[in-house]
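**Q** coordinates only, sequence not included:
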């Protein structure tokens, strides 16, 4: 048995022991309080009254304690009774989900950004350079305004950013982009996001609006659904997004995530994602692995390994990609800096290594990380 399995068993036993101890202490305290209360009541009934004073009769025991057949005052009997295994399962799953949510939020992951339910302003500048190529500068602005009169279920979104993420940009290529189809121009998008369901287990939102490229508007509709299932010690996450545009372009983005927390505050995630566009031949998919390592509350590392594939003209591996991301919150709570050296091995270069590096400056107002 591997070391990780030993550690997982030990953690489970510790949580099991802690829960049993807590329950035993609670029952012992309840029994002690009941016994003390009965003794005090009996003493007050048997004790003679003092001269010149009238003894106050003790209330009957039935008025203090509920009848064994009366469960209306016992919280343990309200609704379906939850077993110990269910409590342990829920406690571990909540911890894992919290860890995943916090790390996705810190790294400004699209999983977190697309499910934000508050107003914010996000501006960023990406500076990327690669061997035998010039440096590129990619500024972007994203504004989201939650509408309080609709119970914060509707958002007005305005964004101006590059039309597509460069293929050499570090990050998990399995994550669908906010861009509605690949173009060579800068896109300005105005949209309304409506949240139909937002729970830890499920999230369903619909985006609708217009995208402007060279001043020409294209209307779009993009429903997105996410489903989360805890399978201890792993967590499974399924995300499906469908995009339709008035220029007859259909696009689907599908992601399967399998993730878990590791010892020493590490977090591992494996992602299988695919994209289909009706104007492109074939299907593009990828298999990626990431390991996140929080250094403290303001710094974290992420190690990424991604393999990109395509089905046309033949099914083949297109590129292998490695990256190390260092992200830090500095000076202010809303200011972030990121540096990500990378190495990619594309098929069109006979899988020869091509080094590159990305610098990112980001300001994020309106949310807590």
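**A** Received the coordinates, thanks. None of the values given here were measured: they were computed from a predicted structure.
**Q** going forward, measure contacts between C-alpha atoms and count neighbours the same way
**A** Noted.
**Q** From the rest of the structure, what touches stretch 250-266?
**A** Around stretch 250-266, the neighbours that count as contacts under CA atoms under 8 Å, 6 or more residues apart in numbering are 4, 7, 96, 99, 174-176, 181, 233-244, 267-279, 291-294.
**Q** Please repeat the previous calculation with a cut-off of 6 Å.
**A** With contact meaning CA atoms under 6 Å, 6 or more residues apart in numbering, stretch 250-266 is reached by 176, 234-244, 267-278, 292-293.
**Q** Low-confidence regions, the chain specifically.
**A** 1-98, 151-152, 162-186, 367-369 (pLDDT under 70).
**Q** Select only the buried ones of the contacts of stretch 250-266 in ChimeraX?
**A** Those of the contacts of stretch 250-266 that count as buried under 16 or more other CA atoms under 10 Å are selected in ChimeraX with:
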select :176,235,236,237,238,239,240,241,242,243,244,267,268,269,270,271,272,273,274,275,276,277,292,293
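**Q** Go through the contacts of stretch 250-266 and flag which are in strands.
**A** Among those, DSSP state E puts 234-244, 267-277, 292-293 in strands.
**Q** now residue 149, what's its secondary structure?
**A** helix (DSSP: H, G, I helix; E, B strand; the rest coil).
**Q** Burial check on it, number of neighbours?
**A** Residues near residue 149, counting by other CA atoms under 10 Å, number 8.
**Q** Please name the residues that touch the nearest residue to residue 213 once chain neighbours are set aside.
**A** In this structure, residue 213 finds its nearest non-sequential neighbour in residue 187, 5.3 Å apart by CA to CA, 6 or more residues apart in numbering. Residue 187 is in contact with 160-161, 163, 212-213, counting by CA under 6 Å, 6+ apart.
**Q** Distance check, residue 187 against residue 363.
**A** As defined by CA to CA, to the nearest Å, residue 187 lies at a distance of 20 Å from residue 363.
**Q** Residue 146 now?
**A** From residue 146 to residue 363 the distance is 19 Å (CA to CA).
**Q** Settle it for me: which of those two has more neighbours?
**A** Using other CA under 10 Å, the more surrounded residue of residue 146 and residue 363 is residue 146, with 21 against 17.
**Q** Can you give me the distance of the more buried one to residue 121?
**A** Per CA to CA, residue 146 is found 11 Å from residue 121.
**Q** Whichever strand or helix holds residue 287 pairs with which strands, parallel or anti?
**A** Using DSSP states H and E, residue 287 falls within strand 284-296. Next to strand 284-296 in the sheet, as set by DSSP bridges, lie strand 266-277 (antiparallel), strand 299-310 (antiparallel).
**Q** what's in contact with it?
**A** Contacts of strand 284-296 (CA under 6 Å, 6+ apart): 174, 266-275, 300-310.
**Q** and with 7 Å instead?
**A** Residues external to strand 284-296 that are found in contact with it (CA atoms under 7 Å, 6 or more residues apart in numbering): 172, 174, 265-276, 300-311.
**Q** nearest spatial neighbour of residue 122, skipping sequence neighbours?
**A** The shortest distance from residue 122 to any residue other than its chain neighbours is 4.6 Å, reached at residue 364 (CA to CA, 6+ apart).
**Q** where do the helices sit along the protein?
**A** Secondary structure of the chain (DSSP state H): helices at 3-46, 84-106, 110-113.
**Q** which ones are touching residue 300?
**A** 293-294, 326-328.
**Q** Show me what the strand ranked longest in the chain packs onto, helices and strands only.
**A** The longest strand of the chain (DSSP E) is strand 216-231. Packed against strand 216-231, as judged by 3 or more CA pairs under 7 Å, 6 or more residues apart in numbering; DSSP states H and E, are the following elements: strand 202-213, strand 234-245.
**Q** Let's have these in JSON lines, adding distance to residue 359.
**A** Formatted as JSON lines, the helices and strands packed on strand 216-231 follow (distance: least, CA to CA, whole Å):
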{"stretch": "strand 202-213", "distance to residue 359": "26"}
{"stretch": "strand 234-245", "distance to residue 359": "29"}
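**Q** For beta bridges, what are the partners of the closest residue in space to residue 136 that isn't next to it in sequence?
**A** Among residues not flanking residue 136 along the chain, residue 128 sits closest, at 5.3 Å (CA to CA, 6+ apart). When bridges are assigned using DSSP bridges, the partners listed for residue 128 are residue 136, residue 358.
**Q** heads up, I number from 461, so please use that
**A** Fine by me, first position is 461 from now on; the one you just mentioned is residue 588.
**Q** didn't residue 588 look like it was pressed against residue 820?
**A** No - judged on CA atoms under 7 Å, residue 588 makes no contact with residue 820 at a distance of 8.5 Å.
**Q** Look at those two and report which has more neighbours.
**A** Using other CA under 10 Å, the more surrounded residue of residue 588 and residue 820 is residue 588, with 23 against 18.
**Q** contacting residues for that one?
**A** If you count contacts by CA under 7 Å, 6+ apart, then residue 588 has 595-597, 817-819 around it.
**Q** okay, those in a markdown table with distance to residue 713 and neighbour count next?
**A** Below are the contacts of residue 588 laid out as a markdown table (distance: CA to CA, whole Å; neighbours: other CA atoms under 10 Å):
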| residue | distance to residue 713 | neighbour count |
| --- | --- | --- |
| 595 | 29 | 13 |
| 596 | 27 | 13 |
| 597 | 27 | 14 |
| 817 | 27 | 21 |
| 818 | 25 | 21 |
| 819 | 27 | 17 |
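**Q** Rebuild these as JSON lines, extending it with distance to residue 566.
**A** Output for the contacts of residue 588, formatted as JSON lines (distance: CA to CA, whole Å):
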{"residue": "595", "distance to residue 566": "26"}
{"residue": "596", "distance to residue 566": "25"}
{"residue": "597", "distance to residue 566": "23"}
{"residue": "817", "distance to residue 566": "20"}
{"residue": "818", "distance to residue 566": "18"}
{"residue": "819", "distance to residue 566": "16"}
